[in-house]
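**Q** Sharing a model prediction with you, sequence too.
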Amino acid sequence: MTRMLASVTGVDEAEIALSGGVDIVDLKEPKAGALGAVSTQTIRRTISFIAGRAPVSAVCGDLPMEPETIRAKAEEIAATGVDYVKIGFFPSANAAACAAALEPLAARTKLIAVLFADLAPDFELLPNFAKHRFYGAMVDTANKANGRLLDHLPPERIPGFIDRTKSLGLMVGLSGSLEAPDIPRLLPFAPDFLGFRGALCGHSGRVGSISAEALSQIRELVPEESRAGGASSVDYRLLAARGYSPGTDPTLGTDKIFVRDFVLPVQIGAYSFEHGHSQKVRFDVTADVLQVTDHPEDMRHVFSYDIIMDGIRTIVARGHIQLSEALAEQVATYILENPRVVRVTVRVEKLELGPGGVGVEIERKRQAAGRGVASGPAGGKEQSAASQPRQERPEVVRRAAVKPAVVKLGGSTVHAAEMESWIAALAGSKLPIVIVPGGGLFADQVREMQFRMDFSDTAAHAMAILAMEQFGQIILDRDERLAPARSLEETVRALDEGKVPVWLPSSLALAAPDIPASWDITSDSLAAWLAGKLGANALLLIKQTGAFLGSDTIDSLTVKGIVDAGFAAMLPDGVDFHLAGPKDAAEAGALLASSNLPGIAIAAPIRPARKAG
Ligand SMILES: O=C[C@H](O)COP(=O)(O)O
């Protein structure tokens, strides 16, 4: 859930912020620069007034990037007892040294590094902040007269910043002259908080005073975490402005929100001559959006067309796309993730392949049940596992002392340099894990032989499972802390003995009635299946690609082919799903040794309530 941070100058404005339900009260003097500091006396008085009703942060000021200057000021601010200390990192060769100088303080106070979108922020500093035990990082703007955050950091670059910061275990925030229309554009990227000052001051501007009315408008656009123990005070009809619409008013109709003639340079095409450069592509999108009121007055009541354009930009920024159909499908999936959208038409047109345009137009609708993005059977040839009665977990699992995470190591890493580091990281995990080997190159050979020798999917499925065992033997061969596990009993025993079990799937998987013999079911789905059998807390898929984002969903990952077609239906409810790619290998060892999973968390699919039993 994204929290709301409000920058205030002292007790008076803190009172307005608290009354307005702000999640984090941030002390800052706007007249003294981008990160103008207030006096330590003001900080202490404000902390005393707030009395624990909300966390308090305070900024250190626009300081020169000198390690000793930064450290001394941060110590002074921390001594007031604030919950978070925000430190500005302006462009400097000393930035890394400044981060290092703060490590002793970071060990006892939550430090948040502030980078500036309008000052060419160096995101390569993010691993430094993590290394020196910072608590979080955020982006703000330094020159408040020079535009908003999105003017300097375009929407398509934000998911990468957020995902990388989160993957380093840092809290992540966005701010920088944010205004009401920016909020529905930024919430889909799931930052931990959005920071505001200017938008809270109404017409008086950020050096004026914050107003209760302006703050209330912003508050209603950032979904409020339901207060512990109390019912959420939020009117869910208003949450619809950001797509939070558990139950919109059925008496109201739909609006058509459209984007027309939106032309972008896109790397697209299956032909070799279409690779290595971009071509103009025109997008026409029309979304049927559930109304939340028939008297729209402001951003709380509308679905922003910016969300459509940001989604297209974000998808296009991921890299080369083979087919117009795949691009259209990804755009439709992204837009349908917003629960208020009930139908979307997407037209993708290449403009440079001839005198006219060529392309595709698709229409996709939301499934009526539950108005969620139904993730029904993933198109497997047989009945999907999700629709089959769940089998009871064996006694040995129910009695197991630990609930592991299941980690699938992609077989395509078998020839990659980082495979060794992945295996070492997994073998050294303090988090109880079970490794599921991918089929990778061995499974590719099965597909090729099936094409040449024309044997059945059933035979191919069995051979692909044996392919997983072949890669499993390679993994086992690399580290003595690993142990083979063919049954649930062997898996639990290995965990109890402090070993890391490597699942050799043929015994269990070939006998399982709820695993269809289909190419829709690969090691992704089998890892999800095992997670269900073991009652795992989490499932991590380690991929040889990094072409995914925290804003991805299981549906979008399926469309992109990053998870297999059966995965959505096979993933059990309640299992946290994570994805990691090559860039996560470097930090994986440290994270696993500290019982953390590498990679990024992917939102659980919205599923119609499953029938009990
Ligand atoms: O982090 C919060 C900042 O104080 C935001 O201030 P601003 O909205 O005026 O850029």
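**A** Alright, I've got the coordinates.
**Q** can you list the residues of the chain near the ligand?
**A** 5, 7, 26, 28, 140-141, 144, 175-178, 195-199, 206 (Cβ under 6 Å from any ligand atom). Any C-beta I mention is one placed from the backbone N, CA and C, and that applies to glycine too.
**Q** Select only the buried ones of these in ChimeraX?
**A** In ChimeraX, a selection of the buried entries from these looks like this (16 or more other Cβ atoms under 10 Å):
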select :5,7,26,28,140,141,144,175,176,177,178,195,196,197,198,199,206
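**Q** Does residue 50 touch residue 25 like I think?
**A** Yes: between residue 50 and residue 25 there is a contact at 6.1 Å, judged by Cβ atoms under 8 Å.
**Q** So which of these two has more stuff around it?
**A** Between residue 50 and residue 25, counting by other Cβ atoms under 10 Å, residue 25 is the more crowded of the two (26 against 18).
**Q** how about that one, phi and psi?
**A** phi -100, psi 120 (degrees, to the nearest 10).
**Q** shared neighbours of residue 50 and residue 25, which are they?
**A** 14, 18, 56 (Cβ atoms under 8 Å, 6 or more residues apart in numbering).
**Q** Please list all residues in contact with whichever residue of the stretch 201-350 of the chain sits closest to the ligand.
**A** Closest to the ligand within the stretch 201-350 of the chain is residue 206: 4.1 Å, counting by Cβ to the nearest ligand atom. Contacts here follow Cβ under 8 Å, 6+ apart; on that basis residue 206 touches 30, 144, 177, 197-198.
**Q** again, only using 7 Å
**A** Contacts for residue 206 (Cβ atoms under 7 Å, 6 or more residues apart in numbering) come out as 30, 144, 197-198.
**Q** And for residue 599?
**A** Residue 599 neighbours (Cβ under 7 Å, 6+ apart): 167, 540, 578-580, 584.
**Q** As a check, name the ranges of all strands in the stretch 151-300 of the chain.
**A** Using DSSP state E, counting those that start in this stretch, the strands found in the stretch 151-300 of the chain span residues 171-174, 193-196, 254-266, 279-290.
**Q** Convert the C-alpha atoms of the first one to CSV, please.
**A** I take that to be strand 171-174. Provided in CSV are the C-alpha atoms of strand 171-174 (Å, rounded to 0.1, in the frame of the first residue of the first chain):
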residue,chain,number,x,y,z
MET,A,171,11.9,1.5,1.1
VAL,A,172,11.2,3.7,-2.0
GLY,A,173,9.4,7.0,-2.3
LEU,A,174,8.5,9.5,-5.0
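**Q** That strand: partners in the sheet, and parallel or antiparallel?
**A** Paired with strand 171-174 in the same sheet, following DSSP bridges, are strand 136-140 (parallel), strand 193-196 (parallel).
**Q** which SS class is the residue in the stretch 451-600 of the chain that the ligand sits nearest to?
**A** Across the stretch 451-600 of the chain, no residue is closer to the ligand than residue 550, which sits at 20.9 Å (Cβ to the nearest ligand atom). Classification of residue 550 using DSSP: H, G, I helix; E, B strand; the rest coil returns coil.
**Q** who's in contact with residue 503?
**A** Contacts of residue 503 by Cβ under 7 Å, 6+ apart are 434-436, 472, 485, 491, 530.
**Q** Recalculate using a threshold of 8 Å.
**A** 434-437, 472, 485-486, 491, 530.
**Q** ok, now residue 278?
**A** Contacts of residue 278 (Cβ under 8 Å, 6+ apart): 265-268.
**Q** make it 6 Å
**A** 265-267 (Cβ atoms under 6 Å, 6 or more residues apart in numbering).
**Q** What score does residue 326 have for pLDDT?
**A** For residue 326, the model assigns a pLDDT of 85.
**Q** Next, count neighbours for it.
**A** 18.
**Q** Not counting its neighbours along the chain, what's nearest it?
**A** residue 559 (7.0 Å; Cβ to Cβ, 6 or more residues apart in numbering).
**Q** can I assume the one you found is in contact with residue 334?
**A** No: in this structure, residue 559 is not within contact of residue 334 by Cβ atoms under 6 Å, at 9.5 Å.
**Q** If we ignore the residues flanking it in sequence, what's nearest whichever residue of the chain sits closest to the ligand?
**A** Closest residue of the chain to the ligand, Cβ to the nearest ligand atom: residue 195 (2.6 Å). Distances taken as Cβ to Cβ, 6+ apart place residue 175 nearest to residue 195, at 3.1 Å, with adjacent residues excluded.
**Q** That neighbour and residue 506, how far apart?
**A** As for residue 175, its distance to residue 506 is 53 Å (criterion: Cβ to Cβ, to the nearest Å).
**Q** Check residue 277 too.
**A** Distance from residue 277 to residue 506, by Cβ to Cβ: 46 Å.
**Q** now the chain, which segments are flagged as low pLDDT?
**A** 225-250, 367-402, 411-417, 451, 605-613 (pLDDT under 70).
**Q** about what we covered before: show me which of residue 559 and residue 334 is the more surrounded one.
**A** Just comparing residue 559 and residue 334: by other Cβ under 10 Å the higher neighbour count belongs to residue 334, 26 against 18.
**Q** That one reaches residue 311, doesn't it?
**A** Yes: with contact defined as Cβ under 6 Å, residue 334 reaches residue 311; the gap is 4.1 Å.
**Q** Report the contact partners of residue 38.
**A** 27, 29.
**Q** So what does the closest residue to residue 420 other than its chain neighbours have for phi and psi?
**A** Closest residue in space to residue 420, ignoring its immediate chain neighbours: residue 478 at 7.0 Å, by Cβ to Cβ, 6+ apart. Backbone torsions of residue 478, given as degrees, to the nearest 10, read phi -90, psi -20.
**Q** and if you look at residue 409?
**A** The phi/psi pair for residue 409 (degrees, to the nearest 10) is phi -100, psi 110.
**Q** Identify the residues contacting it.
**A** 422, 435, 542.
**Q** and these, which of them are in strands?
**A** Among the contacts of residue 409, the residues falling in strands (DSSP state E) are 435, 542.
**Q** can you list the contacts of residue 409 in TSV and add distance to residue 82 and neighbour count?
**A** What follows is the contacts of residue 409, written out as TSV (distance: Cβ to Cβ, whole Å; neighbours: other Cβ atoms under 10 Å):
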residue	distance to residue 82	neighbour count
422	39	26
435	43	26
542	39	28
